[in-house]
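*Asks:* Give me a model of this one.
(chains A and B)
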Amino acid sequence: QKEVEQDPGPLSVPEGAIVSLNCTYSNSAFQYFMWYRQYSRKGPELLMYTYSSGNKEDGRFTAQVDKSSKYISLFIRDSQPSDSATYLCAMTLASGNTPLVFGKGTRLSVIA
Amino acid sequence: EAQVTQNPRYLITVTGKKLTVTCSQNMNHEYMSWYRQDPGLGLRQIYYSMNVEVTDKGDVPEGYKVSRKEKRNFPLILESPSPNQTSLYFCASNPLFRGVVYNEQFFGPGTRLTVL
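*Replies:* The predicted structure follows:
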């Protein structure tokens, strides 16, 4: 079993739709969970950062962590064509000196 | 502007010809790392550095070298490139907070390398 599993997509949605992106993981010791957004021909940029279980909201984006199910989600409300990108989940054991483990990324297209 | 820069952005080379990809950050970050990104495999860490003169292997270090002589620079060296090193490479940096790596990584724009 891979350490972090993420459906690669591609996922195509109409503008204004609610998008749900997900990752599952196998290592219950992961504590910090991140979502990165990567536009074509660019490096990843941090979108959301959460610690342990719970929800975090930032504008149209909501990150959810369910540690009991080893499952994390990113919701995008009112999706826009500018949200078209690859979304990578990432997680790490502790805040410090341990490398991030990335999912393979989900490619999202929002169609106007 | 706070940023991580990489050069070159695109490189086509031949097997066995030594090359260096430079990486520089202007945020005074202690931690720097190199990743390669391949279709179906995602981002994989090659090497990382906690500070000047301190480097360590990541998940896929074979065929690569790094050095950290200055805080801002972290070059990636391929002594004898092979076609299986054809990939998209990213440099990244993180600050330390109270001696611990802060988890937000700042990525460079990427270097697309083709080894023929």
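
*Asks:* For chain B, what lies in contact range of chain A?
*Replies:* Taking C-beta under 8 Å from any C-beta of the partner chain as the contact definition, chain B meets chain A at B:4, B:33, B:40-45, B:48, B:50, B:58-59, B:90, B:92, B:99-110. C-beta coordinates here come from the backbone N, C-alpha and C atoms, glycine included.

*Asks:* rerun that using 7 Å as the cut-off
*Replies:* For chain B, the residues in contact with chain A (C-beta under 7 Å from any C-beta of the partner chain) are B:40-43, B:45, B:48, B:58, B:90, B:100-101, B:103-105, B:107-110.

*Asks:* which residues touch residue B:87?
*Replies:* With contacts defined as C-beta atoms under 7 Å, 6 or more residues apart in numbering or on different chains, residue B:87 is in contact with B:36-38, B:113.

*Asks:* Apply 6 Å and report the result again.
*Replies:* By C-beta atoms under 6 Å, 6 or more residues apart in numbering or on different chains, the contact set of residue B:87 is B:36, B:38.

*Asks:* For it, list each beta-bridge partner.
*Replies:* When assigned by DSSP bridges, residue B:87 has beta-bridge partners residue B:113.

*Asks:* for residue A:76, same thing?
*Replies:* Beta-bridge partners, per DSSP bridges, of residue A:76: residue A:19, residue A:61.

*Asks:* looking at it, it is touching residue A:20, isn't it?
*Replies:* No. Residue A:76 is beyond contact range of residue A:20, at 8.1 Å (criterion: C-beta atoms under 6 Å).

*Asks:* hang on, the earlier thing: which members of the residues of chain B next to chain A are classed as buried?
*Replies:* B:42-43, B:45, B:48, B:58, B:90, B:101, B:103, B:105, B:107-108, B:110 (16 or more other C-beta atoms under 10 Å in any protein chain shown).

*Asks:* among those, which one has the lowest pLDDT?
*Replies:* The lowest pLDDT within these belongs to residue B:101, with 63.

*Asks:* All the strands of chain A, residue numbers only.
*Replies:* A:4-6, A:11-14, A:19-25, A:32-38, A:45-51, A:54-58, A:61-66, A:71-76, A:85-92, A:101-102, A:106-111 (DSSP state E).

*Asks:* just so I know, which of those strands lies nearest residue B:71?
*Replies:* strand A:45-51 (21.6 Å; C-beta to C-beta).

*Asks:* what about residue A:76 and residue A:20, which has more around it?
*Replies:* Shown here are residue A:76 and residue A:20; by other C-beta atoms under 10 Å in any protein chain shown, residue A:76 has more neighbours (22 against 13).

*Asks:* contacting residues for the more buried one?
*Replies:* Neighbours of residue A:76 in contact, by C-beta under 6 Å, 6+ apart: A:19, A:60-61, A:83.

*Asks:* Just give me the closest of these to residue A:5.
*Replies:* After measuring the contacts of residue A:76 against residue A:5 - C-beta to C-beta - the closest member comes out as residue A:19, at 18.3 Å.

*Asks:* Quick check: the closest one touching residue A:79?
*Replies:* Yes. Look at residue A:19 against residue A:79 with C-beta under 6 Å: they come within range, at 5.1 Å.
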